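Peer 1: fold the following.
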Amino acid sequence: MNEAKKKYGQNFLTDKNLLQKIVKDSFLDNKTVIEVGPGRGALTEYICQYAKKVIAFEIDSDLKQYLDKLEQKHENLKITYQDFLKVDLNTIKIKENLDQEVILIGNLPYYITTPILFKFIETPFLKQATIMIQKEVAERISSKPNLKTYNALSVIVQYQAEVKKIMNVSRKLFSPVPKVDSIVLNILKKENIDNAFLNLFTTFVKASFTQKRKTLINNLHDFFNIPKTVIEEFLIKNGFEPNARAEQLSITDFERLTKEWSNLLK
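Peer 2: Got it, this is the predicted structure:
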């Protein structure tokens with residue numbers, strides 16, 4: 001049996017009850033699925049039993065000894081040995097004749113969780129994701145205002161999607177055993193997000209959280225190079241104290257401020 005590779009952040013999950021629950025709570029029946037990092041195929045086995053079609057991306061070709069057998073067993077499965085982050089998903093969609101609504105599933109290594117999450121958000125035909133990620137990251141994604149875990153990622157993801165915690169996963173269920181526990185999240189994209197507005201919203205949110213210890217005035221001043229007096233007037237006009245910090249603002253607050261900010265930039 002080949003060993004898990006640290007460079008790929010590999011930790012293999014083998015608990016069958018947990019694997020079945022992940023698939024059940026992902027509502028895959030007759031849906032098209034893209035799986036990131038199938039590993040030895042433990043989760044893939046269950047996905048194939050429910051999904052109409054499964055495209056799995058695995059970066060480690062040494063796992064072919066496991067996945068080739070699985071591919072032969074399931075006609076609805078196709079394994080591609082590529083780095084998911086480097087794949088042009090729109091090309092894959094055309095080539096594989098994928099549905100307009102595809103579900104993303106994956107047990108994501110810590111070091112690539114955020115870029116994969118943004119790739120999911122930015123790919124229109126990926127409508128839903130069920131991802132197993134490090135507990136710390138999951139708590140940031142689903143965090144609420146005024147908590148230490150609340151940051152730009154919390155706001156950007158929750159503005160565009162409904163985030164639901166499915167379950168906690170003990171580190172003891174993995175091989176090799178990682179240093180931290182995991183959480184399974186279901187992320188369902190919202191409809192009718194204005195992409196033009198989203199670009200400014202994302203920029204404004206990231207600017208607001210540039211340095212968490214700084215006030216909104218200082219962060220926005222540093223990022224946009226607008227006089228602090230102008231920003232202070234802007235905040236007061238919109239009902240915020242001059243010493244307000246980003247972690248105090250709700251997603252609705254950020255949406256409203258972004259709209260007003262766009263007028264200020266004109």
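Peer 1: for K179, which non-adjacent residue is spatially closest?
Peer 2: Leaving out its chain neighbours, the residue that sits closest to K179 by CB to CB, 6 or more residues apart in numbering is R171, at 7.1 Å. The C-beta positions use only the backbone N, C-alpha and C, and glycine is treated the same way.
Peer 1: for A152, same thing?
Peer 2: F209 (4.1 Å).
Peer 1: can I assume that neighbour is in contact with N218?
Peer 2: No. The pair F209 / N218 is not scored as a contact, 11.9 Å apart, by CB atoms under 8 Å.
Peer 1: of the two, who's got more company?
Peer 2: Of the pair F209 and N218, F209 is the one with more neighbours under other CB atoms under 10 Å, namely 22 against 16.
Peer 1: where does I103 sit: helix, strand or coil?
Peer 2: Using DSSP: H, G, I helix; E, B strand; the rest coil, the three-state assignment for I103 comes out as strand.
Peer 1: shouldn't it be in contact with L28?
Peer 2: Yes. Using CB under 8 Å, I103 is in contact with L28, at 6.3 Å.
Peer 1: which residues are common contacts for those two?
Peer 2: A51 (CB atoms under 8 Å, 6 or more residues apart in numbering).
Peer 1: which parts of stretch 34-50 are buried?
Peer 2: Using 16 or more other CB atoms under 10 Å as the test for burial, stretch 34-50 gives 34-48, 50.
Peer 1: could you say which helix or strand holds the residue nearest the centre of the chain?
Peer 2: Most central in the chain under CA atoms, centre = their mean is L117, positioned 2.6 Å from the mean C-alpha point. Following DSSP states H and E, one finds L117 within helix 113-122.
Peer 1: now do the buried residues in that helix.
Peer 2: Buried-residue list, helix 113-122, by 16+ other CB under 10 Å: 113-114, 116-117, 119-121.
Peer 1: which two of these have the greatest separation?
Peer 2: With CB to CB as the measure, no two of the buried residues of helix 113-122 lie farther apart than T113 and I121, at 12.6 Å.
Peer 1: check contacts around the closest residue to V87 other than its chain neighbours.
Peer 2: Closest residue in space to V87, ignoring its immediate chain neighbours: F57 at 6.3 Å, by CB to CB, 6+ apart. Going by CB under 8 Å, 6+ apart, F57 touches 34-38, 80-84, 87.
Peer 1: roughly how far does T202 sit from F209?
Peer 2: 11 Å (CB to CB, to the nearest Å).
Peer 1: surely V169 touches L185?
Peer 2: No. The criterion here is CB under 8 Å, and V169 misses it with L185 at 10.9 Å.
Peer 1: A strand includes K164, no?
Peer 2: Yes. Under three-state DSSP, K164 falls within a strand.
Peer 1: which of the helices or strands spans N219?
Peer 2: Judged by DSSP H and E, N219 forms part of helix 216-224.
Peer 1: next one: that helix to chain centre, how far?
Peer 2: A distance of 27 Å separates the centroid of the chain from that of helix 216-224, by CA atoms, centre = their mean, to the nearest Å.
Peer 1: so what touches that helix?
Peer 2: 207-211, 214, 226-228, 231-232, 235, 240, 242-246, 249, 265.
Peer 1: apart from its neighbours in sequence, what residue is nearest K127?
Peer 2: K127 sits nearest to E101 (CB to CB, 6+ apart), 4.4 Å away.
Peer 1: before we move on, what about K52?
Peer 2: Leaving aside its chain neighbours, K52 sits nearest to N30 (4.8 Å; criterion: CB to CB, 6+ apart).
Peer 1: distance of the one you found from G37?
Peer 2: In this view, N30 and G37 are 24 Å apart by CB to CB.
Peer 1: now L98
Peer 2: 19 Å.
Peer 1: pull the contacting residues for S262.
Peer 2: So S262 contacts 197, 200 (CB under 8 Å, 6+ apart).
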